[in-house]
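Give me a model of this one.
(one chain, ligands or ions: 2)
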Amino acid sequence: MALKLRKLSYALGAEVCDFNVAAPMSEAQFGEIYQAFLDNGILLFRDQDITREQHIEFSRRFGELDKHDSLPRDRHPNYPELLLVTNEPNADGTPSNSRYTGRSWHSDMSFTPVPSLGSLLKSWTVPEVGGDTLFANMTLAYDTLSDGMKKLIAGLHGIQLAGTRKINHAPSGLERLAEQKKLNPPIAQPVVRTHPETGRKALYLGDKVKRFDGMTEEESQPLIKFLNAHATRPEFLYRHQWRKNDILVWDNRCTMHQALGDFDETQRRHMERTTVLGTPSGYVVAEG
Ligand code: OGA
Ligand code: MN
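Residues are numbered from 1 along each chain as shown. Ligands and ions are numbered 1, 2, ... in the order given. Down below sits the predicted model:
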């Protein structure tokens with residue numbers, strides 16, 4: 001049966017309509033989904049009233065899942081395959097560690113030597129309005145650069161730093177930041193990354209990169225600023241407005257994203273993510 005696809009924006013994304021990700025699915029059927037994922041960068045499945053086990057099981061069709069050893073504090077206590085992105089306070093009343101997750105432009109796990117292939121985020125509780133996520137098409141961003149700029153950036157590596165996100169400055173937040181940095185030494189990633197499956201080149205940058213390997217921050221910043229601003233031009237974006245029980249799958253190799261935090265933080269927002277392991281990329285550097 002052919003998939004019913006509806007484009008989400010000019011730049012990227014498609015909704016797979018009338019589809020239950022927990023229903024039995026043949027290899028051929030999943031093959032169609034996977035092809036749509038490669039073609040569109042993001043797939044949206046609405047109304048997925050499914051269990052954590054079913055979320056994990058569907059995610060496994062995309063590949064082996066991360067157990068989130070590099071982000072141990074944000075794991076679901078009973079499911080290491082699920083990463084929490086939530087502002088629900090901890091059982092002891094302290095603020096959630098993950099309430100500011102994703103608040104700047106990034107691609108998941110870019111700060112590790114095995115960056116993620118893709119992520120599947122499920123919305124369990126959403127605020128009345130807002131709490132949107134922005135996505136950028138990094139293939140389009142690369143393709144629309146001039147030949148001169150493509151040549152200039154061809155050999156560059158950006159140093160990706162863990163723990164650059166907004167934190168809460170309580171001792172627990174600072175402690176968590178220090179732990180994250182220790183677990184994840186700085187990694188240099190190619191600024192132009194060739195997608196291992198489509199063969200297409202994409203920009204690989206974002207706000208975790210402060211400088212290029214072999215260059216100072218002062219030298220690097222103007223170009224990083226330009227490339228990030230170019231990649232996030234409005235016409236290269238999709239803005240997702242969450243409803244409860246959405247599952248959004250994105251390709252971390254050719255998109256980046258940012259949680260906007262555009263909501264009333266006294267309201268609850270609870271999301272859970274599986275992370276599909278990718279292929280090795282980049283190299284460890286001594287200094288961020
Ligand atoms: C993530 C992430 C954004 C959001 O789960 O990887 O960045 O809007 N989340 O929750
Ligand atoms: Mn993310």
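
quick one: contacts of the lowest-mean-pLDDT helix or strand in the chain?
Lowest by mean pLDDT, DSSP states H and E among the helices and strands of the chain is helix 171-183, with a mean of 73. Helix 171-183 is contacted by residues Asp69, Ser70, Leu71, Pro72, Arg73, Thr94, Pro95, Asn97, Leu161, Ala162, Gly163, Ile167 when judged by C-beta atoms under 8 Å, 6 or more residues apart in numbering. No exception for glycine: its C-beta is placed from N, CA and C like everyone else's.

in which helix or strand would I find Pro185?
Using DSSP states H and E, Pro185 sits within no helix or strand.

Stretch 69-85 near ligand 1 at all?
Yes - Stretch 69-85 reaches ligand 1 (C-beta under 6 Å from any ligand atom) through Val85.

So Tyr34: helix, strand or coil?
Classification of Tyr34 using DSSP: H, G, I helix; E, B strand; the rest coil returns helix.

surely it meets Phe62?
Yes - counting by C-beta atoms under 8 Å, Phe62 is a contact partner of Tyr34 at 7.2 Å.

which parts of the protein sit against ligand 1?
Checking the chain against ligand 1 by C-beta under 6 Å from any ligand atom, the hits are Val85, Thr101, Gly102, Asp108, Ser119, Leu121, Thr133, His257, Ala259, Met271, Arg273.

if I pick the fourth one, what's in contact with it?
Asp108 makes contact with Pro115, Ser116, Ser119, Asn252, Thr275, according to C-beta under 8 Å, 6+ apart.

Likewise for the third one?
Contact criterion C-beta under 8 Å, 6+ apart gives Val85, Thr133, Arg165, His257, Gln258, Ala259 as the residues in contact with Gly102.

Now do the longest strand seen in the chain: which elements does it pack against?
Longest strand of the chain, by residue count under DSSP state E: strand 116-125. Helices and strands touching strand 116-125, by 3 or more C-beta pairs under 8 Å, 6 or more residues apart in numbering; DSSP states H and E, are helix 52-60, strand 247-251, strand 270-277.

Switch the ones you listed over to a markdown table; also include mean pLDDT.
Formatted as a markdown table, these follow (pLDDT from 0 to 100):
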| stretch | mean pLDDT |
| --- | --- |
| helix 52-60 | 98 |
| strand 247-251 | 98 |
| strand 270-277 | 98 |
